[in-house]
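Trainee: model the following, please.
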Amino acid sequence: MKVLMLGWEFPPHKSGGLGTACEGLTRGLAEHSVEVLMVVPRLVGGEQVASGRMLEAARALSAAAAAESSAAEREIAVPVVANTEIRGLEIVGVASPLRPYLDAGTELRGGYGPDLFREVERYAQAAGSIAAAERFDVIHAHDWMTLDAGLRARERSGKPLVWHVHASEHDRNRDAPDARIAAIEQRGVEQADRVVCVSHYTATKLREHYDAAPERLRVVHNATQPARDRRVRAWRARRPFAEPLALFMGRVTSQKGPDVFLDAAARLVRAGTPIKFALAGDGDLWSGCVERAAELGLARHMYFPGFLQGDAVTRMHALADLFVMPSVSEPFGIAPLEAMSLGTPVLLTRQSGVSELVDSVIKFDAGDSAGLAQAMQALAEDPFLRSWLGARGREEAQRLRWGGAGAKVADLYRELTA
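Mentor: Numbering: from 1, shown residues only. Modelled structure (predicted):
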C-alpha cells in the first residue's frame with residue numbers, strides 16, 4: 001500500500017502540532033506496511049519519513065512551469081488567413097493553469113506568510129503534477145492548506161481522497177472565522193471520500209458548522225513517541241531556580257487561552273505561592289501578554305522564552321514541574337502528551353480533544369482561571385502529588401503510540417481501495 005500524503009510542514013521544521021502529527025502518523029503507518037510519499041511545499045533539510053520518501057512541491061512546480069515554457073517556445077508562428085489574404089503572423093499563446101504564475105515567478109516558500117492563499121494554489125498545481133507522475137493507491141491531505149491539492153491530485157489520478165482535519169477555522173478564530181478558509185473546509189467535508197478527525201470534539205464541530213455527514217467521518221486520535229532522551233535528567237538537575245515551574249507552551253493566540261494562564265499566575269503570586277511561570281511560544285497576542293504580565297506584577301515571576309523547536313522543546317518540558325494547556329477550543333493538543341511522556345504533571349481544559357483520551361491529568365473548564373489557580377497551587381505546594389500524577393501520566397502516555405493511529409488509518413485506506 002502506498003499513499004500520497006500532502007502536508008504543509010514536517011519536522012524538524014515546523015511551527016506547531018500539525019508537523020508533529022504528520023511525522024508521527026508516517027511512523028505509525030510504516031508499522032503497518034504503508035509506504036508514504038510525503039509532499040511538503042519546500043524541503044529545508046533533515047526531513048525524513050520512516051518508510052517512503054519526501055517530495056518537494058516547489059521543485060515539481062518549477063519543473064512544470066519550465067515544461068510549459070519550453071512547450072510554448074516550440075510552438076511555431078502560424079499565418080492567420082482571412083479571405084485568402086495573409087493579414088499577419090500570430091504566436092500561439094500558452095493556455096495553461098500555470099500561466100498566471102510564470103510571469104509572477106514560481107517560487108514556493110511554504111509557511112504561513114501574507115501570501116498564504118497564493119502559496120496554497122501553487123502547492124495545488126504542484127500536487128497535480130506529482131499525482132500524474134507518481135504511482136500510489138490513496139491520497140491523504142492534512143488540513144485546509146492542502147485540501148485543494150488533494151482534490152487536484154484525485155482529479156489527475158482517480159485515487160480516493162482522505163482529508164485529515166487537525167483544526168477547523170471555527171477553533172482557530174471563534175469570533176471571526178475567515179470566510180475563505182471556511183469555504184475550503186466546507187468543500188472538504190462535501191467532496192473528500194472520507195474525513196479523518198483528530199477527536200470526537202472535532203467531529204462534532206464539523207457536524208455543527210458544515211453539516212458533515214456522520215457516516216463519512218472517522219475519529220483517529222493523535223499519539224506521542226515514547227521519550228528516550230537521556231539528557232532530560234541532566235537538564236532537570238541544572239534547574240536555575242528552586243521553585244516549581246508552571247509552563248504554557250503553544251501559539252500565543254486567543255484560541256490557546258494565554259490570558260487565563262496569566263490571570264491564574266497572578267492569583268498565585270498574590271497568595272504568596274512559591275512558583276515560577278514560563279509562557280513559551282509566539283503569536284499575535286505575545287506582546288500583549290508581556291504587557292499584561294507587567295500590569296499584573298508578574299515581572300519577577302514570569303519568563304517568555306519565545307518560539308521553541310527541536311531540543312529546546314524537550315529541554316523546556318524537562319525544566320517544567322507543571323504543564324498547563326488552558327485552550328478555549330482545542331481540536332486535540334499533542335503538547336500535553338509530550339509533557340506526560342516525560343513525567344510532567346498536566347492540567348488541561350475539558351474543551352479539548354486530548355481530554356477524551358487521558359485520565360491521569362487535572363481537567364478544568366476553559367476560562368476558569370480561579371479553578372486553574374487552585375489546582376496549580378495544590379501541585380506547587382505538594383511535591384508528592386506532583387510525583388504521583390507525573391508517574392501516572394507517563395504510564396498512560398507510553399500506551400498512546402502512533403502505531404495504533406497508523407493501524408486505524410491503514411484500515412481506512414484498505415476500505416477505500418477494496
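Trainee: average pLDDT for stretch 57-68?
Mentor: Throughout stretch 57-68, pLDDT has a mean value of 70.
Trainee: show me where pLDDT drops low in the stretch 201-350 of the chain?
Mentor: Scanning the stretch 201-350 of the chain for pLDDT under 70 picks out the ranges 227-229.
Trainee: helices of that one, start to end?
Mentor: 231-237, 258-270, 286-295, 311-319, 335-341 (DSSP state H, counting those that start in this stretch).
Trainee: and these, which is most packed in?
Mentor: Of all these, helix 335-341 carries the top mean neighbour count, a mean of 27, counting by mean count of other C-beta atoms under 10 Å. C-beta here means a position set from N, CA and C on the backbone, and glycine is covered the same way.
Trainee: and it, what does it pack against?
Mentor: helix 311-319, strand 322-325, strand 346-349, helix 383-399 (3 or more C-beta pairs under 8 Å, 6 or more residues apart in numbering; DSSP states H and E).
Trainee: now with 6 Å, please.
Mentor: Under the contact criterion of 3 or more C-beta pairs under 6 Å, 6 or more residues apart in numbering; DSSP states H and E, helix 335-341 touches strand 346-349, helix 383-399.
Trainee: buried residues in the last one, which are they?
Mentor: The neighbour-count check on helix 383-399 (16 or more other C-beta atoms under 10 Å) flags R386, L389, G390, R392, G393, R394, E396, A397 as buried.
Trainee: and the strands in the stretch 51-200 of the chain?
Mentor: Applying DSSP state E, counting those that start in this stretch to the stretch 51-200 of the chain gives strands spanning 52-56, 78-82, 85-90, 138-142, 161-165, 194-197.
Trainee: which of those strands comes out lowest on mean pLDDT?
Mentor: strand 85-90 - the lowest mean pLDDT of the strands of the stretch 51-200 of the chain, at a mean of 33.
Trainee: so which of the helices of the stretch 201-350 of the chain is nearest K14?
Mentor: Among those, helix 311-319 comes nearest to K14, with 10.2 Å by C-beta to C-beta.
Trainee: and L372, which of the three is it?
Mentor: Secondary structure for L372, judged by DSSP: H, G, I helix; E, B strand; the rest coil, is helix.
Trainee: surely it meets F364?
Mentor: Yes - counting by C-beta atoms under 6 Å, L372 touches F364, with 5.3 Å between them.
Trainee: who has more neighbours out of these two?
Mentor: Using other C-beta atoms under 10 Å as the criterion, L372 and F364 rank with L372 on top: 28 against 23.
Trainee: let me see the contact set for the residue nearest to the more buried one when sequence neighbours are not counted.
Mentor: Among residues not flanking L372 along the chain, A264 sits closest, at 4.2 Å (C-beta to C-beta, 6 or more residues apart in numbering). Counting by C-beta atoms under 6 Å, 6 or more residues apart in numbering, A264 makes contact with S369, L372, A373.
Trainee: hang on, the earlier thing: reformat the helices and strands packed on helix 335-341 as JSON lines; add distance to A126.
Mentor: Supplementary listing: these in JSON lines, determined by distance: least, C-beta to C-beta, whole Å:
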{"stretch": "strand 346-349", "distance to A126": "38"}
{"stretch": "helix 383-399", "distance to A126": "37"}
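Trainee: closest to I275 out of the ones you listed?
Mentor: helix 383-399 (11.4 Å).
Trainee: where does the stretch 51-200 of the chain dip in pLDDT?
Mentor: The stretch 51-200 of the chain contains residues with pLDDT under 70 at 62-107.
Trainee: tell me where it has helices.
Mentor: 57-74, 99-104, 116-133, 147-157, 169-172, 179-191, 200-210.
Trainee: how near is G128 to E291?
Mentor: For G128, the distance to E291 equals 46 Å [C-beta to C-beta, to the nearest Å].
Trainee: Three-state assignment for D411, please.
Mentor: From three-state DSSP, the assignment for D411 is helix.
Trainee: before we move on, the earlier item: please identify the most buried of the helices of the stretch 51-200 of the chain.
Mentor: helix 147-157 (a mean of 23).
Trainee: give me the angle between that one and strand 161-165.
Mentor: Between helix 147-157 and strand 161-165, the angle comes out at 170 degrees (axes from the mean of the first three to the mean of the last three C-alpha atoms, to 10 degrees).
Trainee: what sits up against helix 147-157?
Mentor: 6, 123-124, 127-128, 131-132, 139, 141, 161, 163, 184, 188.
Trainee: contacting residues for the residue nearest to D211 when sequence neighbours are not counted?
Mentor: Excluding the flanking residues, the one nearest D211 by C-beta to C-beta, 6+ apart is V189, at 7.7 Å. Contacts for V189 (C-beta under 6 Å, 6+ apart) come out as V195, L206, Y210, A212.
Trainee: can you tell me how far V189 sits from I181?
Mentor: Taking C-beta to C-beta, one finds V189 at 13 Å from I181.
Trainee: go on, V196?
Mentor: For V196, the distance to I181 equals 18 Å [C-beta to C-beta].
Trainee: and E330, by the same measure?
Mentor: In terms of C-beta to C-beta, E330 sits 18 Å off from I181.
Trainee: got the end-to-end distance for stretch 26-34?
Mentor: 8 Å (C-alpha to C-alpha, to the nearest Å).
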